[in-house]
Structure formats: structure tokens, C-alpha cells
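Enquirer: Please find the sequence and the predicted model below.
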Amino acid sequence: MKALITGATGFLGGALAHRLHTLGWDVTAVGRDPARLNVLEAQGIRAALANLEDAQAMSNACKGQEIVFHSGALANDWGRGDVFYRANVLGTQNVIRGCQEHNVKRLVHVSTPSIYFRFAPRLNVKETDPLPPPVTEYARTKRLAEEEVDKAFADGLPTVTIRPRAIFGPGDRIILPRLINRLERGILRVIGDGQNLADMSYIENVVDALLLCAEAPAHALGKKYNITNGEPIRLWAMVEKLCQRLDLKYPTRRLPYPLVDKIAGAMEFVARLLPGQPEPPLTRYSVAMVSLSTTLDISASKNDLGYKPRVSNEEGFEKFVDWWKRKS
């Protein structure tokens, strides 16, 4: 099977490239990080430097492919809207056109549950629940990207979309490393009551889901699927365990969520007035992520795709800690 992976220099795209290569697929990995592309090439994976915003490059990359996994995106909770739009909306349009031009059999699109977010707790969110107004440029443009995929499906391109939440595991550069960095610097505070629930997704479970999407039956085409480990955790209990395993000091100071939300809002206001609008130390979104409960319903992915998380939160956590200790 011939497959193209966009965003292959990212955490998820790279893990998918390794899995497919191990399974004997003919893989082409594209991304924007030359160093990470060199690593993939050294492991026998065909790699190409390409930008999602380059329509011709995306068309060339799609030529001769049977399946395209589109995991490339600009992901952050702060930044200019036009930059996000070019990467996430125009980039998705370019991938879609490439698929259409070269008769790709299936497009598997990686979206985000950030489109569900509002500044309030949300439990067991379903894919069919009404979407609130986007609160970040990332969420706004990923929602628009999903609409482009919907249009492509209506025009005859077989598609499947997943919305994986909080991907972690060995190789993670964002979720747990950012927490560890703040813990090491002694600047992390428990915000809220410390009892908020969170869903997470172990990296190999998400790769499993992508493979299931590649083989999904006809009734799954055109649909979106939540992906998590299916076992919500108490976020701050996980942070405490991380401290124990890495010999870090657990934060004892607690701050009320409404107060920190107001502080973050003020920081955002000031940042928008500064040249270049630099990312503030706190954003309202990042504060809410560690303070408010958010869990997803994954029954649709289980029923339609046959998705079953193989690696538990506990096992995945230990795999991450072992990897972190080896690399530190």
C-alpha cells in the first residue's frame, strides 16, 4: 500500500510513518523540519521537504498515492489568524486538490477536539454535539479545515476524520514536557479545585485509529471520530504522580480558576498591543485546559471503526517516564 503522510516531522505523523514502514507500506513522509526528515530517511523512509501552503508541492506529493494521511497543521493556542489560516485551511485545500487530481483512494484527516472547547466543563462530548464558537485561531481554522474535507467528501473523495485528544507518550514534545518544564522551574500552580477530569490519548492508540480509518467500511466515510484512551483521569493526580516518578516538587499552592482566568485575559490584552503580538506567559485557553473538566465519548469510533485502546493510561504513562529518564 502506498501512503503519503503530511506533518511527518511532528509527533503523530512521525509515529505513523514508523508504524507503516514497519508494516511494509510504501511510505512518503513530508514535513517542514529538515533534521527530522533526515532521521526518517536514515531509517529507510522516503522523506521530502514540503510546505502545506505550496499547492504544487502537495499535488506532486499526492501523485501515485493510494491513501493520504493529513496530520500536518499549525497547532498552538496563540498566534495570528492569517498564519493559522494559511497552514490549516489553505494547506488542507491543497492536500484535497492533490488527492482529487491524482485519484487518491482515501483521505484520512487529523482534526482536533479543540473545536468542542468553551470556557466551561464538558463531559462525554459526542461528535454530533453542537459546536460552540471557536475560542482560538487554531480551533477556528481546524473547524474550517473540517468543512473543506466535508466538501471534498460531497464531491466524491472518500474521507475519514479523527479528533484525538491530548496525545502523549515517548517522543511527546508538548503535553507532558510543558508540565515538566513548569514543575522544574517551580512556576506551576494548582488552578481550581484540582479535581478536574481529562481525557488523554496514547500515541500508539492514535496510530491504531489512523490505520482503522484507512480500512474503515463505507458507512464510516465522511464521518468524524473522537479518539482517546477511554479512561478519564484526574489531571492533577497525574501531575502528582509525574512528580513522584521524576523526583520533582508537586505544587502546593492553589489558585482559584476565575482569578487566573482574569490574569490570563489581561496578559492576552497586553500582548495584542505589543509589536508582533508575542505569546503571553498565560492564555485563557491554557489556563482552562488544566482547570476545567473535558472528556469525550468514543463509542462511535468503537462501533464504526472497531477502535479499542490497547495501551492504558497507566502503561502509557510509565512508557513516557522511562523514555524521559533515558533521554534526560
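Expert: Looks like it came in fine. Residues are numbered from 1 along each chain as shown.
Enquirer: which stretches of the stretch 51-200 of the chain form strands?
Expert: Remark: strands assigned in the stretch 51-200 of the chain by DSSP state E, counting those that start in this stretch are 67-70, 106-110, 122-125, 159-164, 167-168, 190-191, 197-198.
Enquirer: can you check the stretch 201-328 of the chain too?
Expert: Shown for the stretch 201-328 of the chain, the strands assigned by DSSP E, counting those that start in this stretch span residues 201-202, 224-227, 233-234, 254-255, 294-296.
Enquirer: Including distance to residue 4 and mean neighbour count, could those go into JSON lines?
Expert: The way it works is simple: take the backbone N, C-alpha and C, and place the C-beta from them, glycine included. Compiled in JSON lines, those are given as follows (distance: least, Cβ to Cβ, whole Å; neighbours: other Cβ atoms under 10 Å):
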{"stretch": "strand 201-202", "distance to residue 4": "23", "mean neighbour count": "28"}
{"stretch": "strand 224-227", "distance to residue 4": "21", "mean neighbour count": "25"}
{"stretch": "strand 233-234", "distance to residue 4": "34", "mean neighbour count": "16"}
{"stretch": "strand 254-255", "distance to residue 4": "46", "mean neighbour count": "14"}
{"stretch": "strand 294-296", "distance to residue 4": "28", "mean neighbour count": "24"}
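Enquirer: which stretch among these comes nearest residue 78?
Expert: Residue 78 lies closest to strand 294-296 among these, at 19.1 Å (Cβ to Cβ).
Enquirer: just to revisit the earlier point, give me whichever of the strands of the stretch 51-200 of the chain is most buried.
Expert: Most buried of the strands of the stretch 51-200 of the chain by mean neighbour count (mean count of other Cβ atoms under 10 Å) is strand 67-70; its value is a mean of 27.
Enquirer: Check the offset of that strand from the chain's centre.
Expert: 15 Å (Cα atoms, centre = their mean, to the nearest Å).
Enquirer: Spit out the contact partners of the closest residue to residue 132 other than its chain neighbours.
Expert: Nearest residue to residue 132, sequence neighbours excluded (Cβ to Cβ, 6 or more residues apart in numbering): residue 118, at 4.1 Å. For residue 118, the contacting residues are 132-133, 135, by Cβ atoms under 8 Å, 6 or more residues apart in numbering.
Enquirer: and the nearest residue to residue 264 once chain neighbours are set aside, how many residues sit next to it?
Expert: Distances taken as Cβ to Cβ, 6+ apart place residue 282 nearest to residue 264, at 4.1 Å, with adjacent residues excluded. Residue 282 is flanked by 17 other residues according to other Cβ atoms under 10 Å.
Enquirer: Residue 282 and residue 265, how far apart?
Expert: Distance of residue 282 to residue 265, computed by Cβ to Cβ, to the nearest Å: 9 Å.
Enquirer: Could you do residue 22 as well?
Expert: Counting by Cβ to Cβ - residue 22 and residue 265 are separated by 46 Å.
Enquirer: Of the contacts of residue 118 - the most surrounded one?
Expert: That'd be residue 135 among these, by other Cβ under 10 Å, with 18 neighbours.
Enquirer: give the contact list for the nearest residue to that one once chain neighbours are set aside.
Expert: Among residues not flanking residue 135 along the chain, residue 117 sits closest, at 5.7 Å (Cβ to Cβ, 6+ apart). If you count contacts by Cβ under 8 Å, 6+ apart, residue 117 has them with 132, 135-136, 139, 285, 288, 294.
Enquirer: which residues of the chain fall in helices?
Expert: Residue ranges of the helices in the chain, as given by DSSP state H, are 11-22, 34-42, 55-62, 81-84, 91-101, 137-154, 175-185, 203-214, 235-246, 257-273, 284-289, 299-300, 313-327.
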